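[1] Any chance you can model this:
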Amino acid sequence: MTPPSPEHAPSTPPPSLTEVETHGVDRIPDAERTATPLDLFRLAFGGANTFSTCVLGAFPILFGLSFWQGLAATLLGVVVGALILCPMAVFGPVNGTNNAVSSSAHLGVHGRVVGSFLSLLTAIAFFSISVWSSGDALVGGAHRLFGLSRSDLTYAVAYALFAGLVLAVCVYGFRFMLFVNKVAVTSATLLFLLGAIAFAGDFDPSYAGVFTDSADAATDALFWPSFFGAALIVLSNPVSFGAFLGDWSRYIPATTPRRRVIGAAFLSQIATLLPFLFGLTTASIIATKVPEYVDPAAPDFVGGLLAISPTWFFLPVCLLALIGGMSTGTTSLYGTGLDFSSVFPRLSRVQATVLVGVLSIVFIFVGRFGLDLVQSISTFATMIITCTTPWMVVMMLGFYTRRGWYDPEALQVFNHRQRGGRYWFAHGWNWRGMTAWWVSAVLGVLFTNIPGQFVGPLGDLANGIDIGLPLSLAVAAVLYLTLLRIFPEPRAVYGPQGPRLARTVDVPVPPITGPGTRADERAAEPSHR
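    Just a heads-up that it's a prediction; the model follows:
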């Protein structure tokens with residue numbers, strides 16, 4: 001069964017901004033697919049063209065790199081991350097649903113919960129980063145402008161109000177979120193360009209960092225671990241969108257050329273060099289003028305930024321924090337609420353969004369007031385990409401071996417509380433994809449090495465360099481393709497053209513049974529014996 005491809009443009013007008021979205025993860029009707037690749041670009045870029053991305057951009061300096069070393073690490077992280085991410089955009093238009101549901105085809109009807117779990121972790125992490133960074137900037141800016149006290153109570157109120165605003169936008173749904181991101185893309189870009197003017201006179205690209213000719217041997221030994229650690233922190237930003245791209249691209253018509261959808265996703269991440277470079281540049285200025293704010297023991301990028309900002313830029317900083325934080329927060333939270341409404345069927349999309357939002361707010365307060373904030377961000381972000389990237393590899397290779405062919409009805413079996421179908425495999429689990437994912441994810445964590453923060457049991461085997469991510473990528477690809485060859489999948493999961501790089505076996509497909517099926521309707525009919 002192939003998804004229908006309308007020959008004419010959708011005629012149904014889009015709902016208003018203030019109309020609460022009712023769609024869960026069921027396939028979006030063709031008539032309601034009114035989004036374009038440009039809309040996907042706006043959402044993905046808007047979600048990263050923010051103050052929280054600036055905070056991630058400051059990490060190369062916090063790790064002791066020079067400006068030019070930090071620039072190289074940033075470019076490496078953004079480009080590699082964009083290349084890993086962009087193919088994940090095609091699942092939405094093809095299947096009309098989000099990526100976690102699409103993963104049913106490769107991990108099994110029940111195995112799709114892996115994507116839901118990963119999206120939850122990602123949402124909590126990046127929603128928290130947006131609230132932390134934006135709340136700190138708003139309180140700091142208000143302190144400099146109006147003398148507002150910088151107490152724990154003030155920060156707590158700012159976090160709660162900001163998180164509440166983000167949650168409200170997510171409750172309204174896709175159209176409202178798209179509107180917010182349209183505003184954010186333009187306004188945040190203008191504010192970043194204004195910041196370039198504000199700091200142009202203080203910027204010195206010769207900032208040397210700690211890895212200089214006079215550094216001792218112990219410091220020099222940390223250079224490559226710090227370089228790759230910084231690149232991985234940057235790379236975590238584009239990879240974090242992997243579980244969410246389908247949430248937005250599912251509104252794009254299935255007939256849209258795939259190269260345009262992939263290109264929009266790729267360019268959206270390349271464009272994030274703007275906030276990344278703003279964070280890198282200002283962090284180098286902070287390290288030069290007020291180095292106490294980049295002290296590894298207690299780094300404070302937001303405080304340092306306010307300390308070096310001219311008075312006239314305080315208000316733009318506050319606006320940037322507000323607008324950009326709304327964009328990042330909504331793109332992180334929306335998709336997870338959407339997906340968990342299918343994992344827990346008693347919850348509507350709105351109820352699931354509120355639940356995930358409340359859990360995230362709890363994490364925000366614990367992380368801000370009970371833990372080391374910078375260490376929490378960097379460690380959590382690295383763990384997420386180490387576990388998410390092999391899941392993405394399985395998805396992308398699965399798409400390639402299936403030639404992009406899927407059965408939309410079979411993808412929805414879990415959401416409808418049914419059983420059977422093409423993707424039932426072994427009691428709802430496709431152990432081939434599951435094995436490739438968890439083995440590579442575990443190996444990635446074991447070999448992770450974040451200097452001074454988290455070192456896996458095998459993290460020192462590569463002279464302190466974090467090889468967890470490239471290792472998990474390679475293992476996931478090789479192991480998954482090997483399992484497909486040795487233990488072929490049923491012929492029925494492939495389309496009319498057959499598989500690529502895989503073998504098949506002819507086995508019967510279990511019929512779909514359960515709520516809403518003909519068998520269920522017949523069972524519910526009264527007996528007339």
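
[2] Strands along the chain, start to end?
    Applying DSSP state E to the chain gives strands spanning 449-450, 454-455, 489-490, 504-505.

[3] Might you list the low-confidence residue ranges for the stretch 351-500 of the chain?
    Under the criterion of pLDDT under 70, the regions of the stretch 351-500 of the chain flagged as low confidence span 370-378, 451-452.

[4] ranges for the helices of it?
    Taking DSSP state H, counting those that start in this stretch, the helices of the stretch 351-500 of the chain run over residues 373-401, 408-411, 431-446, 468-486.

[5] Would you mind saying which of the ones you listed lies nearest Val343?
    Across those, Val343 has its closest neighbour in helix 408-411 (14.6 Å, C-beta to C-beta). (C-beta placed from N, C-alpha, C; glycine too.)

[6] which secondary structure elements does that closest one contact?
    helix 104-107 (3 or more C-beta pairs under 8 Å, 6 or more residues apart in numbering; DSSP states H and E).

[7] what comes up buried for the helix it packs on?
    104-107 (16 or more other C-beta atoms under 10 Å).

[8] ok, of those residues, which one's closest to Leu473?
    When the buried residues of helix 104-107 are compared for distance to Leu473 (C-beta to C-beta), His106 wins out at 16.4 Å.

[9] If we ignore the residues flanking it in sequence, what's nearest the closest one?
    Spatial nearest neighbour of His106, chain neighbours left out: Gly398 (3.7 Å); criterion: C-beta to C-beta, 6 or more residues apart in numbering.

[10] which residues does the one you found contact?
    Contact partners of Gly398, counting by C-beta atoms under 8 Å, 6 or more residues apart in numbering, are 105-106, 433, 480.

[11] how about those in CSV, adding distance to Thr379?
    Formatted as CSV, the contacts of Gly398 follow (distance: C-beta to C-beta, whole Å):
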residue, distance to Thr379
Ala105, 32
His106, 29
Gly433, 27
Tyr480, 27
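
[12] now, among these, which is nearest to Gly325?
    His106 (34.3 Å).

[13] what pLDDT does that closest one get?
    Looking at His106, its pLDDT stands at 97.

[14] Tell me who's in contact with it.
    When contacts are counted by C-beta under 8 Å, 6+ apart, His106 touches 394-395, 398, 430, 433.

[15] so can I have CSV of these showing distance to Arg144?
    Below are the contacts of His106 laid out as CSV (distance: C-beta to C-beta, whole Å):
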residue, distance to Arg144
Val394, 49
Met395, 46
Gly398, 52
Asn430, 55
Gly433, 52
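
[16] Between which two of those residues is the distance greatest?
    Across these (C-beta to C-beta), the longest gap, 12.0 Å, separates Met395 and Asn430.

[17] on that earlier part again, looking at the contacts of His106, which one is closest to Lys289?
    Distance to Lys289, by C-beta to C-beta, is smallest for Met395 among these, at 45.5 Å.

[18] close enough to count as contact, that closest one and Phe91?
    Yes - using C-beta atoms under 8 Å, Met395 is in contact with Phe91, at 7.2 Å.

[19] number of nearby residues for Leu138?
    25 (other C-beta atoms under 10 Å).

[20] That one against Cys318, yeah?
    Yes - Leu138 is within contact range of Cys318, at 5.5 Å (criterion: C-beta under 8 Å).

[21] ok, back up a step: next, format the helices of the stretch 351-500 of the chain as JSON lines and append distance to Ala283.
    Below are the helices of the stretch 351-500 of the chain laid out as JSON lines (distance: least, C-beta to C-beta, whole Å):
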{"stretch": "helix 373-401", "distance to Ala283": "12"}
{"stretch": "helix 408-411", "distance to Ala283": "44"}
{"stretch": "helix 431-446", "distance to Ala283": "28"}
{"stretch": "helix 468-486", "distance to Ala283": "23"}
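
[22] Can you check which of these gets nearest to Asp460?
    Comparison of those against Asp460 by C-beta to C-beta identifies helix 431-446 as nearest, at 11.1 Å.

[23] May I see the buried residues of that closest one?
    In terms of neighbour count (16+ other C-beta under 10 Å), helix 431-446 has its buried residues at 432-434, 436-437, 439-446.

[24] circling back to that earlier point, find residues that contact each of Met395 and Phe91.
    Shared contacts of Met395 and Phe91 (C-beta under 8 Å, 6+ apart): 99, 102.

[25] Around Phe487, count how many other residues there are.
    Neighbours of Phe487 under the rule other C-beta under 10 Å: 12.

[26] With Pro499 as the reference, measure out to it.
    Distance, Phe487 to Pro499, using C-beta to C-beta, to the nearest Å: 13 Å.

[27] What of Pro310?
    61 Å.

[28] same deal with Leu40?
    For Leu40 relative to Pro499 (C-beta to C-beta), the value is 29 Å.

[29] how deep is the residue nearest to Leu274 when sequence neighbours are not counted tucked in, by neighbour count?
    Nearest residue to Leu274 in three dimensions, chain neighbours excluded: Phe192, at 5.4 Å (C-beta to C-beta, 6+ apart). Using other C-beta under 10 Å, Phe192 is surrounded by 21 other residues.

[30] Go ahead and confirm Phe192 touches Leu320.
    Yes - assessed by C-beta under 8 Å, Phe192 is found in contact with Leu320 at 7.4 Å.

[31] now for the longest helix along the chain, which elements pack on it?
    Determined from DSSP state H, the single longest helix within the chain is helix 113-146. With contacts defined as 3+ C-beta pairs under 8 Å, 6+ apart, the packing partners of helix 113-146 are helix 51-57, helix 99-102, helix 152-172, helix 301-308, helix 314-343, helix 349-370, helix 373-401.

[32] between Leu40 and Pro499, which one's more packed in?
    More crowded of Leu40 and Pro499, by other C-beta under 10 Å: Leu40, with 28 against 19.

[33] Apart from its neighbours in sequence, what residue is nearest that one?
    Spatial nearest neighbour of Leu40, excluding adjacent residues (C-beta to C-beta, 6+ apart): Ala264 at 4.6 Å.

[34] State the distance from that neighbour to Ala381.
    Using C-beta to C-beta, one obtains 24 Å as the distance from Ala264 to Ala381.
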